[in-house]
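# fold the following, please.
(one chain, ligands or ions: 1)
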Amino acid sequence: MVQILKVHGSENQFFILDQTKLKKQLSDDELKNLAIKICSPQNGILNGSDGLLVVNDSKYDDCIGQMRVINADGSEAKMCGNGLRTVSRYLSEKFNKNEFKVETFENNLSVKRSQDLAEGVPAFSVEISPISFNKSDLPFSYKDKEQLIDSNVPEFISGQTFTAIAVPNPHLISFVDEVKEDELGKLGKMLNGKNEYFPEGVNVSFAKILGPNKLFVQTYERGVGFTNACGTGMSATSLAFAILHEDKFDSKKDIEVLNPGGMVKTNIQLDPQPENSQIRLIGNATFTHNIEVSESDLHIANLSKVDIQLTGEEDKYQQFIKSI
Ligand SMILES: N[C@H](CCC[C@H](N)C(=O)O)C(=O)O
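Residues are numbered from 1 along each chain as shown. Next up is the predicted model:
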């Protein structure tokens, strides 16, 4: 039998599969099929999730593991901020280390255990990088623009400005007076369907500034749809906030980012070359369920014979959320 975990970062929910525990690793097609099945609210388990996080050995000496990110629709993403916090906790407990690096698609990222947010609510701080504003790295195409930074794009929504940042997965951010879910959903669906602007899709976030170093962010995620939180989305939005709203940004303090699933903190160290800025994402890494399944069933995405145990951490997380 193999153990997989159901986890979340700010209620952005995932399953973690540690492939180093398998006799034979799943092929890329098997991983895609497993992600589509297990993440499905109808055909999956525990009402599905937003994605599958796959842990492998790392080929780098300075990393204790590798994280791959498979969205609920089976597409693979370069990065997942909320997911990296949960994988970091998994590796921390597996190797009994509190500060280390994790190999991700484009970078080996430094992670470390932070102070628990509350009793029974562990937290991790993770590096979010590399950063790029260039159209080739998102990728996007819009007229003759090399970058979208606080740009008017009436073809998206007239009267709103947009900023495109890769961290390194793609994000489109707009600061609004009020987050209108219907408008966010309409734009998110358009830019993740066949479109001339973002051929590989994009995570779309609307952000409301609540005060100095305080934001509310909601995201329509590529490969998923609406999620309770998007770690890389909140990170990219925090960087855009630091660049575009310096009158409300204090670099000596963390930014508090509220979202439909709870709250995270980000820390932005702005560089005169914005792509050289430093972003850290700090927030919960909650394990809600332990699941046992046979390895042979994993290979064929058969989830009819699983044993599920509650960890009891979700209650602790919900108590924490009520306290903020
Ligand atoms: N849907 C994203 C990947 C997951 C990112 C998000 N869940 C996070 O916490 O960063 C993409 O396709 O780029």
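# isn't residue 295 up against residue 23?
Yes - counting by C-beta atoms under 8 Å, residue 295 does reach residue 23; the two are 6.2 Å apart. In this view, the C-beta of every residue, glycine as well, is placed from N, C-alpha and C.
# list of residues touching stretch 171-186?
140, 148, 156-157, 160-165, 191, 198, 202-209, 216, 218, 220, 225-226, 232-233, 236-237, 240-241, 244-245 (C-beta atoms under 8 Å, 6 or more residues apart in numbering).
# and residue 116, how far is that from the ligand?
20 Å (C-beta to the nearest ligand atom, to the nearest Å).
# assumed that residue was part of a helix.
No - in this structure, residue 116 is strand, not part of a helix, as judged by DSSP: H, G, I helix; E, B strand; the rest coil.
# which non-adjacent residue is nearest it?
Distances taken as C-beta to C-beta, 6 or more residues apart in numbering put residue 122 closest to residue 116, at 5.5 Å, once the chain neighbours are dropped.
# surely the one you found is within a helix?
No - counting by three-state DSSP, residue 122 falls outside a helix, being strand.
# ok so, going back, also near the ligand: which of the contacts of stretch 171-186, exactly?
Restricting the contacts of stretch 171-186 to those touching the ligand (C-beta under 6 Å from any ligand atom) yields 203, 232.
# in strands, which of the contacts of stretch 171-186 appear?
Judged by DSSP state E, the subset of the contacts of stretch 171-186 located in strands is 161-165, 203-209, 216, 218, 220, 225-226.
# give me the buried entries from those residues.
161-165, 203-207, 209, 216, 218, 220, 225 (16 or more other C-beta atoms under 10 Å).
# residue 295 and residue 23: which is more packed in?
Remark: of residue 295 and residue 23, residue 295 carries more neighbours, 13 against 7, as counted by other C-beta atoms under 10 Å.
# skipping its backbone neighbours, what lies nearest the more buried one in space?
residue 2 (5.1 Å).
# and this structure, what are its domains?
Split into domains by automatic domain parsing, the chain comes to 2-126+286-323, 135-284.
# who touches residue 3 in this structure?
By C-beta under 8 Å, 6+ apart, the residues touching residue 3 are 18, 21, 290-292.
# surely it is within a strand?
Yes - using three-state DSSP, the assignment for residue 3 is a strand.
# any idea how far the ligand is from it?
23 Å.
# next one: that residue, what pLDDT does it get?
If you check residue 3, the pLDDT there is 97.
# just residue 25 next, same as before
pLDDT for residue 25: 98.
# that one and residue 19 touch, don't they?
Yes - with contacts counted by C-beta under 8 Å, residue 25 reaches residue 19, the gap being 4.7 Å.
# any chance you could list residues touching both of those two?
Listed contacts common to residue 25 and residue 19 are residue 56; contacts here mean C-beta under 8 Å, 6+ apart.
# so what's the residue count around the closest residue to residue 41 other than its chain neighbours?
Of all residues not flanking residue 41 in the chain, residue 48 sits nearest, at 4.2 Å (C-beta to C-beta, 6+ apart). For residue 48, the number of neighbouring residues by other C-beta under 10 Å comes to 19.
# what's the answer for the one 10 residues further on, then?
Each residue near residue 58 was counted by other C-beta under 10 Å, and the total is 18.
# name the element it belongs to?
Assigned by DSSP states H and E, residue 58 belongs to neither a helix nor a strand.
# how about residue 183?
helix 181-191.
# give me the angle between that helix and strand 161-166.
Relative orientation of helix 181-191 versus strand 161-166 (axes from the mean of the first three to the mean of the last three C-alpha atoms, to 10 degrees): 50 degrees.
# average pLDDT across helix 181-191?
98.
# so which residues on this protein come close to the ligand?
So far as C-beta under 6 Å from any ligand atom goes, the chain lies against the ligand at 12, 50-51, 69, 71, 77, 80-83, 169, 203, 221-224, 230-232.
# thank you, goodbye.
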